[in-house]
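> need a structure here:
(chains A and B)
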There are 2 protein chains.
Amino acid sequence: MAFRYPSGKKYAASSASTISSTNKSFGNRGMSLEQDLNETNIYYQSTGQCVIHKKPTPVQIVNVDYPKRSAAKITEAYFKQPSTTDYNGIYRGKYIDFEAKETRNKTSFPFNNIHVHQAEHMKAVMKHEGIAFLIIRFSKHNQTYLYDASHFSWWYFEQSDRKSIPKDDIERDGHLIPEGYAPRLDYLSTIDKIYF
Amino acid sequence: MAFRYPSGKKYAASSASTISSTNKSFGNRGMSLEQDLNETNIYYQSTGQCVIHKKPTPVQIVNVDYPKRSAAKITEAYFKQPSTTDYNGIYRGKYIDFEAKETRNKTSFPFNNIHVHQAEHMKAVMKHEGIAFLIIRFSKHNQTYLYDASHFSWWYFEQSDRKSIPKDDIERDGHLIPEGYAPRLDYLSTIDKIYF
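Take a look at the predicted model:
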């Protein structure tokens, strides 16, 4: 699915929809990053480890039909640009906030999927002592990193030479998230290591 | 606007849409609770006091049109029941989570607008040491209370005699939120008093 903003810019319902279907490894059998995170969050919720949810896709509703004896039907609506990240919640008493993105790029993570409002949101979360990060999947390498928002902020706001973060830097400053069956993407164990 | 879930149950786009239009007081000149909170959160964000946002309305998207050279148009979608509360974020390093509801009832706050998932969500947030509460407006009295989720949980889960909370109890255990021009509903000052 590819939606378009009024600007004509492409919208990915899952920001992580460009997965490799030939990927046969255990941890990531052709599932999108968003699907992996949803399953992971359901698992975490069932074990009571944290309360972290994906926010609904922001939609501008223009018209709704009310058929008798059945559900209201939205007949005209448009995608809105999100002003925050997709995921937030609480873990071990701390506020957690992150954006999840997948790229097929082999050598760097391009900025073009992170809106400036989202980058500013993560900065504000850090200022208020929350834990903010990106989960970045390099789908061609089948690697998923937790990358703290402070590093991202530097690349996004402090330098103007590049429009992407080199994979080498994400490897060095980020943390590979362990993959498995349940949870599929054990990002809480990574949070434990880095932030507690 | 009154939407209906597949169950036929009414959905209020703003959970706070039943305002009194004859209300002429300074603090609440015919604005819905949701509008007041949106303005308040914009004000708080502009002053950098907290990062608290309303989540988008959850919608199940069934069909999308892609006209050439214009925005993708959602042509079929349905309202979904929210599994969490409407508002969350961070303030003074703490995770904040709340639901906002308005009632025209003069003597009690009926449960019928709080889904069991939302009540369970607030319980889970408390367990993880977050700050969870309801903002309840009695529109006929033009009073808006912050009411901690622990009190609400007791009424919702621990007793089965009543399907509502008496206003007297909300007055005693809750806290009247000061209203003004900016912020319209100064709930952070109330949080300061109760939780810090």
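> ok, the top strand by length along chain A: who's next to it in the sheet?
Of all segments of type strand in chain A, defined using DSSP state E, the longest is strand A:94-103. Applying DSSP bridges, strand A:94-103 is found paired with strand A:87-91 (antiparallel), strand A:131-138 (parallel).
> any chance of the ones you listed in TSV, with distance to B:Arg162 and mean neighbour count too?
Quick note: C-beta positions are derived from backbone N, CA and C, even for glycine. Output for the strands paired with strand A:94-103, formatted as TSV (distance: least, CB to CB, whole Å; neighbours: other CB atoms under 10 Å in any protein chain shown):
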stretch	distance to B:Arg162	mean neighbour count
strand A:87-91	30	25
strand A:131-138	40	24
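> adding mean pLDDT, write those out as JSON lines.
Converted to JSON lines, these look like this (pLDDT from 0 to 100):
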{"stretch": "strand A:87-91", "mean pLDDT": "98"}
{"stretch": "strand A:131-138", "mean pLDDT": "98"}
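> so who does the residue nearest in space to the middle of chain A touch?
In chain A, the centroid-proximal residue (CA atoms, centre = their mean) is A:Ala100; its distance is 1.5 Å. Shown in contact with A:Ala100 (CB atoms under 8 Å, 6 or more residues apart in numbering or on different chains): A:Ser15, A:Ala16, A:Leu33, A:Glu34, A:Leu37, A:Asp86, A:Tyr87, A:Leu134, A:Ile135, A:Ile136, A:Arg137.
> now distance to A:Ile170 too, for the strands paired with strand A:94-103, in CSV please.
Converted to CSV, the strands paired with strand A:94-103 look like this (distance: least, CB to CB, whole Å):
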stretch, distance to A:Ile170
strand A:87-91, 19
strand A:131-138, 6
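> surely A:Ser83 is in contact with A:Glu120?
No: the pair A:Ser83 / A:Glu120 is not scored as a contact, 9.1 Å apart, by CB atoms under 8 Å.
> helices of chain A, residue ranges please.
A:33-46, A:116-127, A:149-153, A:167-173, A:187-195 (DSSP state H).
> any stretches of chain A with poor pLDDT?
Scanning chain A for pLDDT under 70 picks out A:1-30.
> enumerate the positions of stretch A:48-55 that are buried.
If you call a residue buried by 16 or more other CB atoms under 10 Å in any protein chain shown, then stretch A:48-55 has these buried ones: A:Cys50, A:Val51, A:Ile52, A:His53, A:Lys54, A:Lys55.
> restrict it to CA atoms and write it as PDB.
What follows is stretch A:48-55, C-alpha atoms only, in PDB (Å, rounded to 0.1, in the frame of the first residue of the first chain):
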ATOM      1  CA  GLY A  48       3.000  -7.400  32.100                       C
ATOM      2  CA  GLN A  49       6.500  -6.100  31.300                       C
ATOM      3  CA  CYS A  50       5.500  -2.700  30.000                       C
ATOM      4  CA  VAL A  51       2.600  -0.700  28.600                       C
ATOM      5  CA  ILE A  52       3.700   0.300  25.100                       C
ATOM      6  CA  HIS A  53       1.300   0.800  22.200                       C
ATOM      7  CA  LYS A  54       1.500   2.000  18.600                       C
ATOM      8  CA  LYS A  55      -0.600   5.100  18.100                       C
END
